[in-house]
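A.B. asks: need a structure here:
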Amino acid sequence: MKQMSRKTKRNIVLCVIGAAAILLAVLLILGVGSLVNRPADTSAGLEYIRQEEAGNVAEIEAKISLLEQQESGEEDQRSIREKFSAAMILGDSIPYGFVEFNVLNASNVTAQIGAHLTQMDGQIERAKAMSPVVVFISIGENDVEATNGNVDLFIEQYTDLLDKIERELPDANMFVNSVFPVQEKAIDKEPALADIPEYNEALSELCVSREIGFIDNTEFVQDRYYEPDGQHFKAEFYSVWAEHMAEVAAL
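C.D. replies: I've put the predicted structure just below:
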């Protein structure tokens, strides 16, 4: 027996959804009509059904596409720039490397060298003008040094930043990157950086409490990616990091 085509399967599913929605509308109209003697205004109910039907169709369409991709074993052939076309990355000198090494379009990155948590208003305004669907935040190493072990102050400042982003970009999905680990040579120069794991633990808890995606970057960072200062990263690292963010955020 020949396998049913994807298009046919899709049409069958959508037809079933449409029939179910029509049946529900009829039952709703009949039910309301039987409760009152005067003609019922069913416009609100029908509008609700139309909205629900549209939402269900979109959801099922996405699931069908995912299943088809899994069945066929096809890999996502989009470039990393295409994946980030509706995203925005905010932060300090670490994500600024996406622009410096020409990994992502400059329009998708508004990071600034030396930025602190309390200095993000300009970046938020630039992101707001772009109306991104997804916002990635990567900042904190400068603030670990500035707060010098005061994790509570760090979380307080990060909370203020998240509040501002949610207020200015209420429709964007937000993801927070962990503060990247540094090499021993960087810790020797700035001992406060030894506390990065403690800061990340608190930051992860903050994201969980606010139902914001937290991206843990500690596992895939390798010594070969570091610049000689032990803090910043070489060009080859950024495509790895971008793919990791895209995977977590399902871009």
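
A.B. asks: could you point out which element follows the helix or strand containing Ala186?
C.D. replies: Using DSSP states H and E, Ala186 sits in helix 184-189. Downstream of helix 184-189, the next assigned helix or strand under DSSP H and E is helix 196-210.

A.B. asks: what's near enough to touch Val134?
C.D. replies: 86-88, 172-175, 249, 251 (C-beta atoms under 8 Å, 6 or more residues apart in numbering). Glycine gets a C-beta too; all of them are placed from N, C-alpha and C.

A.B. asks: if we use 7 Å, what do you get?
C.D. replies: Residues in contact with Val134 (C-beta atoms under 7 Å, 6 or more residues apart in numbering) are 86-87, 172-173, 175, 249, 251.

A.B. asks: burial of Asp76, as a residue count?
C.D. replies: 11 (other C-beta atoms under 10 Å).

A.B. asks: should've said Pro228
C.D. replies: Other residues within reach of Pro228, judged by other C-beta under 10 Å, total 9.

A.B. asks: can you pull the phi/psi pair for it?
C.D. replies: phi -60, psi -20 (degrees, to the nearest 10).

A.B. asks: now the contacts of Val134 in TSV, with secondary structure and pLDDT?
C.D. replies: Shown next, in TSV, are the contacts of Val134 (DSSP: H, G, I helix; E, B strand; the rest coil; pLDDT from 0 to 100):
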residue	secondary structure	pLDDT
Ala86	coil	96
Ala87	strand	97
Ala172	coil	96
Asn173	strand	96
Phe175	strand	98
Ala249	helix	94
Leu251	coil	92
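
A.B. asks: for the chain, give me the ranges with low pLDDT.
C.D. replies: 1-74 (pLDDT under 70).

A.B. asks: nearest spatial neighbour of Leu104, skipping sequence neighbours?
C.D. replies: Closest residue to Leu104 apart from its sequence neighbours, by C-beta to C-beta, 6 or more residues apart in numbering: Phe98 at 4.3 Å.

A.B. asks: assumed the one you found was part of a helix.
C.D. replies: Yes: according to DSSP: H, G, I helix; E, B strand; the rest coil, Phe98 belongs to a helix.

A.B. asks: contact partners for it?
C.D. replies: Phe98 makes contact with 89, 104, 109, 238, according to C-beta under 7 Å, 6+ apart.

A.B. asks: all set now, cheers.
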